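[1] Here's a sequence, model it:
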Amino acid sequence: MAHVNPPYRADVVGSFLRPKELLEARAAFQKGELDRASLTALEDRLIADLVKKETANGLKAVTDGEFRRAFWHLDFLAAVGGIKHVKAEHWSVHFEGHQPKAETIVIVDRLHFPKDHPFLEAYDRLKAIAGDTPIKFTIPSPSMLHLITCVRAEDYKPIPYYAEHPDQLFEDLAQTWTDAMLALYERGCRYLQFDDTSWGEFCSLEKRGAYAARGIDVDWVARRYVEVINKVLEKKPADLTVTMHICRGNFRSTWFSSGGYEPVAEILFAHCNVDGFFLEYDSDRAGSFEPLRFIKDQTVVLGLITSKFPELEDKDAVKARIKEATHYVPLEQLCLSPQCGFSSTEEGNIMTEDEQWAKVRLVREIADEVWG
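    From the prediction side, this is the model:
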């Protein structure tokens, strides 16, 4: 059952634990004690080391571990044209335990993708390091920009232009991400992932109820998100793979929402034209496989290995779960990965680097035994 195109039988979501040396250097840079050139040189060296470890542990496509970011999403979103990065009184969602640094974004002008967006240089640098090794590059979904600024924010007031032309906000979102996708493609990107926790929230009956109490029609918002993503994908080159990763929060081994995929399955799985879904399935909070009955021809990467805790899963139990999923999606359409990254923010989940790589090897070993 050969599988040469992404997503791969054994894959990862994208982020890896930051080395202590990197965390200390980033802190020094924030204090003005280290210049940008020195920080970038250190990031390059540590990413080169990471790439070697990724290939040594059996991954076909490598990432930069998101080593140049503080957050999986805010670094990208804050650099979008029309966005302002601001401090906040509290994080935009509540995690069950540790809380991230309170930062957020607001829309201050029409959205656009700037030609000097820092993620373009980040991709170029990763490509120079990886050479001929395939690269997986991750950015937040356009849904996240709208969710944070317009849905989670109870004090959202549209800028005058979007107040007069409300549909244009979604048009500008789609164009911004289209321009980002094509700019990365021009630089050689052939495997791009949209990270999107909006669907994890929309799976939660508690959160859906809270949004409804504020007068927000979650299903209407969800359909608009699918429309925006599909508008972006209309311009996707044929040899570019675009996937979506969905989870329910990942910060210092904690989470922020629960609920199976049933509330979003028909809207998302049956209508969103991504090439594959990376789906969190490492705990009861993600529900059953039954919502996968709406999957069409997309690849489904089962996130059955947790990235939150170091204990290794039982191989036979994971294989049994994969077999269970084949009741809804053919085995040839399935792959395996951890349910999320190991370090969605620079603080990282509560495990060691050795434990992290043991998880990656477990994914590889199970994939080899299931698919050959």
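[2] Please, where are all the strands along the stretch 251-372 of the chain?
    276-280, 299-305, 334-338 (DSSP state E, counting those that start in this stretch).
[3] Likewise for the stretch 51-200 of the chain?
    81-87, 103-112, 137-140, 191-195.
[4] contacting residues around the third one?
    The contact list for strand 137-140, computed with C-beta atoms under 8 Å, 6 or more residues apart in numbering, reads 13-15, 63-64, 66, 72-73, 76-77, 119, 123, 126, 180, 184, 189, 191-196, 245. Placement of C-beta: from N, CA and C, glycine included.
[5] Kindly report the same for stretch 310-327.
    For stretch 310-327, using C-beta under 8 Å, 6+ apart, the contacting residues are 281, 289, 292, 300, 302, 304-306, 331, 334, 336, 350-352, 355, 358-359, 362, 365-366, 369-370.
[6] Which positions within that stretch qualify as buried?
    For stretch 310-327, the buried set under the neighbour-count rule, 16 or more other C-beta atoms under 10 Å, comprises 310, 313, 318, 321-322, 325.
[7] Export those residues as CSV, with columns for pLDDT.
    CSV is the format used below for these (pLDDT from 0 to 100):
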residue, pLDDT
Pro310, 95
Glu313, 97
Val318, 97
Arg321, 96
Ile322, 98
Ala325, 97
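[8] Correct me if wrong: Asp172 contacts Phe113.
    No: taking contacts as C-beta atoms under 8 Å, Asp172 lies outside contact range of Phe113: 9.9 Å.
[9] Any stretches of the protein with poor pLDDT?
    Low-confidence segments of the chain, defined by pLDDT under 70: 1-4, 89-101, 249-258, 285.
[10] try 80 this time
    1-4, 88-102, 248-259, 283-286 (pLDDT under 80).
[11] How are the helices of it distributed by residue range?
    Under the criterion DSSP state H, helices of the chain are mapped to 20-30, 36-56, 74-78, 118-130, 142-146, 160-164, 166-186, 198-203, 205-213, 218-233, 262-269, 315-325, 353-371.
[12] Export the ones you listed as JSON lines, with columns for distance to Arg9.
    Shown next, in JSON lines, are these (distance: least, C-beta to C-beta, whole Å):
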{"stretch": "helix 20-30", "distance to Arg9": "30"}
{"stretch": "helix 36-56", "distance to Arg9": "15"}
{"stretch": "helix 74-78", "distance to Arg9": "28"}
{"stretch": "helix 118-130", "distance to Arg9": "20"}
{"stretch": "helix 142-146", "distance to Arg9": "27"}
{"stretch": "helix 160-164", "distance to Arg9": "43"}
{"stretch": "helix 166-186", "distance to Arg9": "24"}
{"stretch": "helix 198-203", "distance to Arg9": "24"}
{"stretch": "helix 205-213", "distance to Arg9": "33"}
{"stretch": "helix 218-233", "distance to Arg9": "24"}
{"stretch": "helix 262-269", "distance to Arg9": "21"}
{"stretch": "helix 315-325", "distance to Arg9": "11"}
{"stretch": "helix 353-371", "distance to Arg9": "4"}
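[13] Out of these, flag the one nearest Lys87.
    Smallest distance to Lys87 across those (C-beta to C-beta): 11.7 Å, for helix 74-78.
[14] Convert the C-alpha atoms of that closest one to CSV, please.
    Extracted C-alpha coordinates of helix 74-78, given in CSV (Å, rounded to 0.1, in the frame of the first residue of the first chain):
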residue,chain,number,x,y,z
LEU,A,74,-0.4,34.8,16.2
ASP,A,75,3.1,35.4,14.6
PHE,A,76,1.6,34.8,11.2
LEU,A,77,-1.7,36.7,11.8
ALA,A,78,0.0,39.7,13.4
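[15] what's the offset of that helix from the middle of its chain?
    Counting by C-alpha atoms, centre = their mean, to the nearest Å, helix 74-78 is centred 13 Å from the centre of its parent chain.
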